[in-house]
Structures are given as C-alpha cells and as structure tokens.
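Asker: got a predicted model here, sequence first, then my questions.
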Amino acid sequence: MSLRIIATGGTFDKHYDPLSGSLSFSQTHLTHMLRTARVLEPFSLQVLMLMDSLDMTAAHRTQILDACHVSPEQSIVIIHGTDTMAQTAQVLAKAGLGATIVLTGAMVPAEVVDSDASFNLGFAVAAARLSAPGVYIAMNGRLLAGDTAQKNRSLGIFESGAR
C-alpha cells in the first residue's frame with residue numbers, strides 16, 4: 001500500500017532566520033525527515049503550497065480537497081498549520097472521499113530543537129497506514145475524528161469537540 005504526503009506549510013515547515021528573527025518558508029523539511037526516519041514503504045511527496053494556515057482561504061482548502069480527490073493513493077497524510085487544521089479536516093470529512101486522510105502539523109518548527117514535528121509525522125504516517133477510511137487529526141499522540149476535532153489554544157493541544 002503506497003502513501004501520499006501532501007505539504008501545505010504551517011509551523012511544521014517554517015524556517016527561522018536568525019538575522020531577522022523571523023519565521024518564513026523556503027522549502028519543506030519533509031524530504032529530509034522521511035529519509036532520516038527511514039520510511040520503507042513507498043510514498044509520494046506533493047508540495048501543494050507552503051503557507052501559514054491563518055492565510056488559507058476556501059480556495060486553498062479546495063486545492064487540498066482536489067489533491068486528495070485525484071490521489072491514486074488511498075492513504076494520505078497532510079502537513080498543515082495547526083491554527084486552521086480543524087477547518088480543513090471538516091471540509092475533507094464532508095466530501096466523503098473514501099480514503100484514509102490524516103492531517104498533522106507542529107507547534108514548533110521542524111528545524112527547531114524540541115520540535116514535535118518528527119513525532120507527529122511518524123504518528124500520522126502510522127495512522128494513515130492502519131486506520132479505516134475517514135478523516136483524522138493526528139496530534140499530541142492522539143488520533144481524533146477530523147469532523148469534530150478542535151485546537152485548544154489555551155493548552156496548545158487538539159481535543160475532540162462536540163458534533
């Protein structure tokens with residue numbers, strides 16, 4: 001079973017510029033991370049966009065939905081910013097694509113020490129391979145239903161919400 005990994009940006013892929021003290025995007029960290037993790041199963045990496053999820057519009061979510069819809073792989077991991085990950089998960093869940101789609105991200109950029117990115121990526125890959133078709137959010141060692149998950153901003157974690 002092959003896997004598609006779709007990069008959309010978010011804190012996960014941000015780069016810290018020590019001269020300006022700013023966070024920006026240059027390229028995805030996923031190629032290096034997947035090689036380091038020694039992922040043995042076949043996968044394809046698609047960089048759809050690299051942007052902060054707070055800047056995402058309905059048109060961006062449609063791009064993500066379209067990428068999932070045309071994917072030949074039935075197991076999909078989407079790297080996404082955590083601020084609006086739940087909204088994108090809801091759009092995907094509503095579409096009922098019949099694939100296993102797992103969204104994940106990071107609270108700390110992948111290239112920063114003590115980032116949660118590597119753990120969340122590994123967890124999401126495993127969840128995409130082992131879970132039944134549906135849309136999920138994989139964060140903080142939890143696999144949550146994508147149509148009800150929400151970010152608890154005060155705790156910096158994802159939780160199940162009410163339907």
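Answerer: Sure thing, it's come through. Residues are numbered from 1 along each chain as shown.
Asker: shaky segments in this structure?
Answerer: Within the chain, the segments meeting pLDDT under 70 span 1, 162-163.
Asker: buried set for stretch 22-41?
Answerer: Across stretch 22-41, burial judged by 16 or more other CB atoms under 10 Å covers 28-30, 33-34. All C-beta spots, glycine's among them, are computed from the backbone N, C-alpha and C.
Asker: now do the same contact list for the residue nearest to the spatial centre of the chain.
Answerer: With distances taken as CA atoms, centre = their mean, Ile79 lies nearest the centre of the chain, 2.4 Å away. Contact analysis of Ile79 by CB atoms under 8 Å, 6 or more residues apart in numbering lists 5-10, 12-13, 28, 30, 104-105, 121.
Asker: next, format these as JSON lines and append distance to Leu19 and secondary structure.
Answerer: Formatted as JSON lines, these follow (distance: CB to CB, whole Å; DSSP: H, G, I helix; E, B strand; the rest coil):
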{"residue": "Ile5", "distance to Leu19": "31", "secondary structure": "strand"}
{"residue": "Ile6", "distance to Leu19": "31", "secondary structure": "strand"}
{"residue": "Ala7", "distance to Leu19": "25", "secondary structure": "strand"}
{"residue": "Thr8", "distance to Leu19": "27", "secondary structure": "strand"}
{"residue": "Gly9", "distance to Leu19": "22", "secondary structure": "strand"}
{"residue": "Gly10", "distance to Leu19": "23", "secondary structure": "coil"}
{"residue": "Phe12", "distance to Leu19": "22", "secondary structure": "helix"}
{"residue": "Asp13", "distance to Leu19": "19", "secondary structure": "helix"}
{"residue": "Thr28", "distance to Leu19": "22", "secondary structure": "coil"}
{"residue": "Leu30", "distance to Leu19": "25", "secondary structure": "helix"}
{"residue": "Thr104", "distance to Leu19": "30", "secondary structure": "strand"}
{"residue": "Gly105", "distance to Leu19": "26", "secondary structure": "coil"}
{"residue": "Leu121", "distance to Leu19": "28", "secondary structure": "helix"}
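Asker: how close does the residue lying closest to Asn152 once chain neighbours are set aside sit to Ser118?
Answerer: Distances taken as CB to CB, 6 or more residues apart in numbering place Glu159 nearest to Asn152, at 5.2 Å, with adjacent residues excluded. For Glu159, the distance to Ser118 equals 22 Å [CB to CB, to the nearest Å].
Asker: name the element the closest residue in space to Ser44 that isn't next to it in sequence belongs to?
Answerer: Spatial nearest neighbour of Ser44, excluding adjacent residues (CB to CB, 6+ apart): Arg4 at 5.3 Å. Arg4 is part of strand 3-9 when elements are defined by DSSP states H and E.
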